[in-house]
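> pasting a predicted model and its sequence here:
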Amino acid sequence: MTIQVNSIEGKAVKKVIPLASIIKSQFSSTLFKSAGIYTGSRIVNAAIPFLMMPVLTRFLTPTDYGIVAMFSVLVGIATPFVGLSLHGAVSVKYFDRNETDLPRYIGNCFLVLAATMIVVSFFFWLFADPISKYSAFPKQWLWAVVFVAAAQFIGTLLLTIWQVQDKPFKYGVFQNALTLLNLGLTMIFVVGMNKNWQGRIEAQVLTFAWFALMAVFFLSRGNWLKISYDRKSINHALGFGLPLIPHSLGGLLIMQTDRIFLANMVGVAAAGIYVVGYQFGSIIELLASSFNQAYAPWLFRQLSDEDPTVKPRIVKLTYLYFIGILVLALLLSLLVPFFLSFFVGKNFLDARHYVFWITLGFAFNGMYYMVANYIFFAGKTAVLAWVTFVSAMMNIAFNYVLIKLNGSVGAAQASALTFLVTFLMTWALSARVYKMPWKLKDADVRNY
């Protein structure tokens, strides 16, 4: 690859940078060291539920699994409204601390959280019957949905601070401790006390309550939390968070619509089996999102330097990533059917039919992360929000049509197709709002 690196007496000087050197330099950088820690901790975090799966699929019926899955769907839908995804605003303000009292800003995020909790709780109370009907989830447990969404928001604020401070070890330890507590309580309630799906939800409620309390403790001890009303901070938080609602909700609908359609068109038991297949396919999502946790801050620092010679290297790294994640998805989909019976009870073996499409979809979603970062860096979140929301609407149509045509597997196919469309649309938009040399031509490099 030839890159123009500087100018001497008005003449361009070019340097040939071998691809092998690019890869070697990036893997020895802090980016891949941090990504390795994030990925390692999240692998441990994800391994615990996998170790729990052989037990739960033998103590819970597919219907039980389906009810627990619908609880997760509802939490996911409530999350963009409860707290307005303001952890993203905190990560931006962290790099602007000369002009922002960040502890006071975080304190005002808590005030926004309190207000949004009241609004969402009232909505759930007002529409409890239709929500329960279409989600196949008992309405007497809807309070737990809002509670868990709020507790997750508080914990995520702490994790965001550690992420932007480049402290992946603390991030991983805290996250894994949360999962271990969740596992322990689930085993006590489901296996020891035979509480079925209720025990699984009770374990999550108690776990996230502890998660939130510990987050408040660490934020306070680190002097990151100051509750003091500030109209300017509130206005900025609302200006950041409200436009992201369509984006966050759209992304969650893309992830969760399949289960809603399965529960209503096929049955809640089918949704339960589908979730087991989804957990195996989500290994790709785990790897992709872990990498992006380290990649996004690294990318923003590179782009902030405004060095035109860096951009072609970033593009090449991106293309290598695209190839790698597709290959990983294919390999995983081929391997899962061989060891599925060791992990799940006999009532869940049909989960193998979903794995290929789910892994492929998450590969496309991992590719989406790589191009969406440019839109966040450019501050064009409103544009991204509507792209994601449009994709979610398309996902609804895909699910209805493909489940009608192909049965339960149509839900997985719809997800894969939606992730592909979202990735392509986002890539096209990112190329418009932030110029990158995607064609990797020397002429392109000189324009940046």
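Arrived safely, thanks for sending. Numbering: from 1, shown residues only.
> now the most centrally placed residue in the chain: closest residue in space that isn't a chain neighbour?
In the chain, the centroid-proximal residue (C-alpha atoms, centre = their mean) is residue 289; its distance is 6.3 Å. Counting by C-beta to C-beta, 6 or more residues apart in numbering, the nearest residue to residue 289 once its immediate chain neighbours are dropped is residue 369, at 7.0 Å. Quick note: C-beta positions are derived from backbone N, CA and C, even for glycine.
> correct me if wrong: the one you found contacts residue 288.
Yes: Residue 369 sits in contact with residue 288 when judged by C-beta atoms under 8 Å, with a separation of 6.0 Å.
> which one's more surrounded, those two?
Here residue 369 and residue 288 are compared on neighbour count by other C-beta atoms under 10 Å; more neighbours surround residue 288, at 26 against 20.
> wait, the more buried one sits on residue 364?
No: here residue 288 lies out of contact with residue 364, judged by C-beta under 8 Å, at a distance of 9.8 Å.
> checking my notes, residue 137 in a strand, right?
No: when classified by DSSP: H, G, I helix; E, B strand; the rest coil, residue 137 is found to be coil rather than part of a strand.
> over to it: give its phi and psi.
Summarising the backbone geometry of residue 137 under the convention degrees, to the nearest 10, its torsions are phi -120, psi 130.
> and it, what pLDDT?
Predicted confidence (pLDDT) at residue 137: the value is 92.
> what sits against the nearest residue to it once chain neighbours are set aside?
When the adjacent residues along the chain are set aside, residue 137 lies closest to residue 70, with 4.4 Å between them (C-beta to C-beta, 6+ apart). Taking C-beta atoms under 8 Å, 6 or more residues apart in numbering as the criterion, residue 70 is in contact with 135-137, 259-260, 263, 268, 271.
> which of these tops the neighbour count?
Neighbour counts for the contacts of residue 70, by other C-beta under 10 Å, peak at residue 271, which reaches 30 neighbours.
> and the pLDDT at it?
Predicted confidence (pLDDT) for residue 271: 88.
> can you tell me how far it is from residue 68?
Per C-beta to C-beta, to the nearest Å, residue 271 is found 10 Å from residue 68.
> what ranges does the chain have for its strands?
Remark: strands assigned in the chain by DSSP state E are 2-8, 11-16.
> returning to that earlier point: and which of the contacts of residue 70 is nearest to residue 243?
For the contacts of residue 70, the closest approach to residue 243 (C-beta to C-beta) belongs to residue 260, at 25.0 Å.
> just the pLDDT at the closest one, thanks.
Looking at residue 260, its pLDDT is 88.
> now it. Nearest residue, chain neighbours left out?
Leaving out its chain neighbours, residue 260 is closest to residue 73 (C-beta to C-beta, 6+ apart), at 6.3 Å.
> low-confidence ranges, the stretch 301-448 of the chain, go.
440-448 (pLDDT under 70).
> try it again with 80
In the predicted model, the stretch 301-448 of the chain carries pLDDT under 80 at residues 304-308, 341-342, 379-386, 388-389, 440-448.
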